[in-house]
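Asks: this one's sequence-less:
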């Protein structure tokens, strides 16, 4: 109690009285004791905070790295009845799926309404389809608006003397408007090159887990693809000098190359040949239509030959109905070889032999 002592000391010096000194000394002791008890009753001070250790961030070397190879395969499957109408309501137990002859366990059937579409429309602008050109463009534009949802994307290519990208992955409205504005070119046809370019474009630009579709409006005749010009010639005179058997063999090799690129893109190929019955008039036209059917069959699509140009709307409606009703079969391949080679698959509905099942014939494993 420094303040109290400072008051008492001068008082003692003035009085010199021993009794008063003893009295004041006792008072000082009493006040000091009460102050000490008051301090004892105060709450204890809070404990000092315990310092937190700096957290250790583990490095990659601290763990055993486990790499999982995702071999999930998704197979779009179209099931139709004798009339060509989609068949709905089938379940996992209705399907059988084999890969390289080995049965696979189907784990899930995806909902096509929940999987976005990436559609590439390939429009033949050559002289061979000039008479029906305007109606074809209008029908294709209606198809795009009918089948596409806000999250879907359309890409447009012109089948010309060289492949021409008209529109890169855009909405239905912009794609339809761009289609209507395309003029005929009245030039040679690089059919094979354009399909290959479209397939490679989808491979590079369409996000994973989207359904990829190629729709071709063409008679399938190729007169100007680079490999065709190299092997057969760029002019009618040069082509006529090559034997028909040799020409057919060269075209078949090109078809196989086109087919492989579409399969690598995991795209379903649909073709619409507006030539109608006229395609039966010569060998080249028939061979071209057979090529369209070959690619469609290999990828689970379909090839259409409407008799009249007015039938195009009905064909597009059928394609749209198929895309909406596809069964997206999902399975994990039990092939552990890690081979990059093409793997053949087969899909069937054993309990319903009256139904037609269309699915791609195989796939190339992802790296």
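Replies: Nice, thanks for sending it over. Quick caveat: nothing in here was measured; it's all calculated off a predicted structure.
Asks: Strands of the chain, start to end?
Replies: For the chain, the strands defined by DSSP state E cover 72-80, 96-99, 102-103, 106-110, 117-124, 153-159, 164-170, 211-217, 267-272, 302-304, 327-332, 343-348, 356-359, 362-363.
Asks: Sheet-wise, list the partners of the last one with their directions.
Replies: Strand 362-363 has its sheet partners listed here by DSSP bridges as strand 343-348 (antiparallel).
Asks: what angle do the partner strand and strand 72-80 make?
Replies: Taking axes from the mean of the first three to the mean of the last three C-alpha atoms, to 10 degrees, one finds strand 343-348 and strand 72-80 inclined to each other by 40 degrees.
Asks: Centre of the chain to strand 343-348, how far?
Replies: 21 Å (C-alpha atoms, centre = their mean, to the nearest Å).
Asks: Strand 106-110 and that one, what's the angle between them?
Replies: Going by the same axes, to 10 degrees, strand 343-348 makes 70 degrees with strand 106-110.
Asks: who are the neighbours in contact with residue 356?
Replies: Contacts for residue 356 (C-beta atoms under 8 Å, 6 or more residues apart in numbering) come out as 79-82. Glycine gets a C-beta too; all of them are placed from N, C-alpha and C.
Asks: Which one of the residues you listed sits in the busiest neighbourhood?
Replies: Ranked by the number of neighbours (other C-beta atoms under 10 Å), the contacts of residue 356 place residue 79 first, at 23 neighbours.
Asks: right, and that one touches residue 357 too?
Replies: Yes: at 5.5 Å, residue 79 and residue 357 qualify as touching, with contact defined as C-beta atoms under 8 Å.
Asks: where do the contact lists of those two overlap?
Replies: residue 349.
Asks: picking up where we left off before, including pLDDT, could the contacts of residue 356 go into JSON lines?
Replies: Shown next, in JSON lines, are the contacts of residue 356 (pLDDT from 0 to 100):
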{"residue": "79", "pLDDT": "96"}
{"residue": "80", "pLDDT": "94"}
{"residue": "81", "pLDDT": "93"}
{"residue": "82", "pLDDT": "91"}
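Asks: Tell me where the model's unsure across the stretch 1-150 of the chain.
Replies: 1-70, 127-131 (pLDDT under 70).
Asks: can we see that at 50?
Replies: 4, 7-8, 11-12, 55-69 (pLDDT under 50).
Asks: quick one, helices of it?
Replies: 2-15, 18-41, 133-147 (DSSP state H, counting those that start in this stretch).
Asks: Then the stretch 251-367 of the chain?
Replies: Counting by DSSP H, counting those that start in this stretch, the helices of the stretch 251-367 of the chain are 283-299, 312-325.
Asks: Residue 334: which of the ones you listed is closest?
Replies: helix 283-299 (23.1 Å; C-beta to C-beta).
Asks: buried residues in the closest one?
Replies: Under the neighbour-count criterion of 16 or more other C-beta atoms under 10 Å, helix 283-299 has 284-285, 287-289, 291-299 buried.
Asks: Who are the packing partners of that helix?
Replies: helix 244-264, strand 267-272, strand 302-304 (3 or more C-beta pairs under 8 Å, 6 or more residues apart in numbering; DSSP states H and E).
Asks: Strand partners (parallel or antiparallel) of the second one?
Replies: In the sheet containing strand 267-272, its partner strands are strand 211-217 (parallel), strand 302-304 (parallel), by DSSP bridges.
Asks: could you give the mean pLDDT of it?
Replies: The average pLDDT within strand 267-272 is 97.
Asks: I'd like to check the angle between it and helix 312-325, please.
Replies: Using the same axes, to 10 degrees: strand 267-272 against helix 312-325 is 160 degrees.
Asks: same question, the longest one
Replies: Helix 244-264 and helix 312-325 meet at an angle of 40 degrees, taking the same axes, to 10 degrees as the criterion.
Asks: what residues does helix 244-264 touch?
Replies: Under C-beta under 8 Å, 6+ apart, the answer for helix 244-264 is 192, 195-196, 199-200, 203, 214, 222, 225, 227-228, 231-232, 239, 269, 283, 287, 291, 294-295, 298-299, 342, 360-364.
Asks: Which members of those residues are classed as buried?
Replies: 192, 195-196, 199, 214, 222, 225, 227-228, 231-232, 239, 269, 287, 291, 294-295, 298-299, 360-363.
Asks: which ones are touching residue 322?
Replies: 78, 80, 86, 302 are the contacts of residue 322 under C-beta under 8 Å, 6+ apart.
Asks: what's the distance between it and residue 84?
Replies: Counting by C-beta to C-beta, to the nearest Å, the gap from residue 322 to residue 84 is 9 Å.
Asks: next one: residue 290
Replies: Counting by C-beta to C-beta, the gap from residue 290 to residue 84 is 20 Å.
Asks: what does residue 228 give?
Replies: 34 Å.
Asks: Also residue 256?
Replies: Distance from residue 256 to residue 84, by C-beta to C-beta: 28 Å.
Asks: Could you point out which of the helices of the stretch 251-367 of the chain sits nearest residue 106?
Replies: Going by C-beta to C-beta, the one of the helices of the stretch 251-367 of the chain nearest residue 106 is helix 312-325, 17.5 Å.
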